[in-house]
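**Student:** Below are the sequence and a predicted model; questions follow.
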Amino acid sequence: MTSLLLARRLAATMTSTCWRDRVALPSKVTGRRASLAASVVEAFPLKAVRPYLRLMRADRPTGTYLLFWPCAWGAGLATAAGEWPDPSLLALFAAGSFAMRGAGCVINDLWDRDIDALVERTKTRPLASGELASVDALALLAGQLGVGLYVLLQLDWNTVVLASASLGLVVAYPLAKRITHWPQLALGVTLNWGALVGFSAADGVHVRACLALYSACICWTLIYDTIYAHQDKLDDAQVGVKSTALMFGDGTPKFLGGVGVTMAAALCLAGVLTEQTVPYYLGVATTMALLGRQVATLKTDDPLDCAAKFAENKWIGLIIFLGITLGTLCKKPKYKDYDKTLSVT
């Protein structure tokens, strides 16, 4: 049994886009109502399509949100004063996040479908249950990777090169839990690369502000993924998988409090460097209050409490994005922007 658990843990980390789905327990186990996304998938008119939607975790969208928000934050901060973020760029990031996160989940299930069939929580997954064959999953994966490539090629070449540079991180991340107690940090560095990509795609300037935002995103991941890791700490300890949850144990709230302060400082620095206005800082203050509440009320030995707090982070991402957008709209364009407009007319 120990070897099976270890195999499953290592397989689950083979992709950084599906890492968060261990948290999504079936509603019949947790006693909670199914999410809206799960209800939509189960009610989809074409029954033959439903297994594919579940295979790509369309019924569990939190992972897609957490992949998308750093991209949107970066694009928003790089937007010119007094303007809205480019909706076409945001749409590309949304499509890319959905496709690539889903692709990661397909790869994960192909890797450990035999082990999934032995585990109560995962035995009903489409591949483990035999509802879909490997060739079906590979066809879906090909389509998802095609969408991801199409999205990438819509961006400028500097951004394409920057995005491609993250592939090394994606390859190295699965090793983190085997060699360090800081896999959450490795995940943060990998998952939030989209903040750099968003900044580059929208502007390509403000390097210091971009790095400050990236640092804040990494801190954010350290917070929510450490909370998440507490759900699996008993199994992790048994099979020798490392995490910040195991390293800090009962001292986790103090650790997360310090990370939260660092995150707040990095967000404020990004705001100062991009000359943000009051709405932005209100968004930061609201976010830190919500994260502070999560940390203060965290029950590290209650998996359901950890799961609920983890899922709340999709709304935290939205709050920061709204703060960035409204703060940018309230910024006054610089004179050189007026000069450019006059020279064109």
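**Tutor:** That came through, no problem. Numbering: from 1, shown residues only.

**Student:** all strands of the protein, in order?
**Tutor:** Taking DSSP state E, the chain contains no strands at all.

**Student:** Now do the biggest helix by length in it: which elements does it pack against?
**Tutor:** Ranked by number of residues, the top helix in the chain under DSSP state H is helix 87-111. For helix 87-111, the packing partners by 3 or more Cβ pairs under 8 Å, 6 or more residues apart in numbering; DSSP states H and E come out as helix 2-12, helix 50-55, helix 62-77, helix 134-153, helix 193-202. Bear in mind the C-beta positions are built from the backbone N, C-alpha and C, glycine included.

**Student:** Buried residues of that helix, list them for me.
**Tutor:** Going by neighbour count (16 or more other Cβ atoms under 10 Å), the buried part of helix 87-111 is 89-90, 92-111.

**Student:** Adding distance to A311, write the helices and strands packed on helix 87-111 out as a markdown table.
**Tutor:** Listed next are the helices and strands packed on helix 87-111 as a markdown table, based on distance: least, Cβ to Cβ, whole Å:
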| stretch | distance to A311 |
| --- | --- |
| helix 2-12 | 18 |
| helix 50-55 | 18 |
| helix 62-77 | 5 |
| helix 134-153 | 23 |
| helix 193-202 | 20 |
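
**Student:** confidence score at V106?
**Tutor:** With respect to pLDDT, V106 scores 82.

**Student:** which residues touch it?
**Tutor:** Contacts for V106 (Cβ atoms under 8 Å, 6 or more residues apart in numbering) come out as 55-56, 137, 140-141, 144.

**Student:** Looking at those residues, which is nearest T244?
**Tutor:** T244 lies nearest to M56 out of these, by Cβ to Cβ, at 28.6 Å.

**Student:** Does that closest one touch I107 like I think?
**Tutor:** No - between M56 and I107 there is no contact, the gap being 10.7 Å when judged by Cβ atoms under 8 Å.

**Student:** what touches both of these two?
**Tutor:** Between them, M56 and I107 share no contacting residue, judged by Cβ under 8 Å, 6+ apart.

**Student:** what about L145, neighbour count?
**Tutor:** Look at L145: counted by other Cβ atoms under 10 Å, it has 15 neighbours.

**Student:** How confident was the prediction at the closest residue to it other than its chain neighbours?
**Tutor:** Nearest residue to L145, sequence neighbours excluded (Cβ to Cβ, 6 or more residues apart in numbering): A103, at 5.7 Å. As predicted, A103 sits at a pLDDT of 79.
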